[in-house]
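Participant: Sequence first, predicted model second:
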Amino acid sequence: MAFSQGFIEVDGCRLKLRRGGSGEPLLYLHGGNGAPAVLPFMEKLAERFDVLVPEHPGFGASDEPEWLENMHDDPFLHKWLHRVNVPVKIIWGEADKVLPVAYAREFKRLMPGAEIDIIPRCGHLPQAERPEEFCDIVMRFAGKG
């Protein structure tokens with residue numbers, strides 16, 4: 001599946017956006033490694049969804065705006081997550097040594113409407129380590145599985 005690449009502007013910040021597929025929109029928000037390339041799990045999801053993969057402010061080719069307090073905002077997520085009012089699926093690796101499963105439970109506490117799936121025998125990157133299972137969970141969550 002071919003992905004297009006371009007830029008969009010959000011709150012005065014120019015962001016790189018990769019987009020592929022068709023159907024209902026599915027927004028993938030990357031982790032600390034950024035989103036430097038289209039990965040196999042993105043292509044699989046693009047078979048059923050319009051997959052949008054923005055590079056966050058301060059990552060890759062996206063601008064780092066003056067209003068950004070901290071590009072690595074994980075320690076401050078508590079000030080943002082309570083504002084989330086859309087369906088959220090938290091997918092976590094059971095054997096994650098970088099951020100243990102307790103973090104997933106805390107994120108759920110901060111977003112009471114969120115759902116959690118823990119993938120057994122999986123580490124920090126379920127989308128890369130177990131792409132088929134990751135995509136199956138996303139598709140079931142989005143009603144396409």
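Facilitator: Now that the structure is in, tell me what you want to look at.

Participant: How far away from the center of its chain is stretch 107-118?
Facilitator: 14 Å (C-alpha atoms, centre = their mean, to the nearest Å).

Participant: Which parts of it count as buried, going by neighbours?
Facilitator: Buried residues in stretch 107-118, counted by 16 or more other C-beta atoms under 10 Å: 107-108, 110-111, 114, 117-118. Backbone N, C-alpha and C define where each C-beta goes, glycine included.

Participant: If I follow the layout properly, residue 3 ends up in contact with residue 17?
Facilitator: No. Distance between residue 3 and residue 17: 9.6 Å, which falls outside the contact criterion (C-beta atoms under 8 Å).

Participant: between these two, what contacts are shared?
Facilitator: Common neighbours of residue 3 and residue 17, using C-beta atoms under 8 Å, 6 or more residues apart in numbering, are residue 53.

Participant: Which one of the buried residues of stretch 107-118 is nearest to residue 37?
Facilitator: Relative to residue 37, the closest of the buried residues of stretch 107-118 is residue 117; by C-beta to C-beta it sits at 24.8 Å.

Participant: Residue ranges in the chain under the pLDDT threshold?
Facilitator: 70-73, 75, 144-145 (pLDDT under 70).

Participant: Tell me which of the buried residues of stretch 107-118 fall in helices.
Facilitator: 107-108, 110 (DSSP state H).

Participant: Helices of this protein, start to end?
Facilitator: 40-45, 78-81, 101-110, 126-129, 131-141.

Participant: deepest of those helices, which one?
Facilitator: With neighbours taken as mean count of other C-beta atoms under 10 Å, the helices of the chain reach their highest mean count in helix 40-45, at a mean of 20.

Participant: Packing partners of it?
Facilitator: The contact analysis (3 or more C-beta pairs under 8 Å, 6 or more residues apart in numbering; DSSP states H and E) places helix 40-45 against strand 13-21, strand 49-54, helix 131-141.

Participant: what's the distance between residue 15 and residue 68?
Facilitator: With distances taken as C-beta to C-beta, to the nearest Å, residue 15 is found 12 Å from residue 68.
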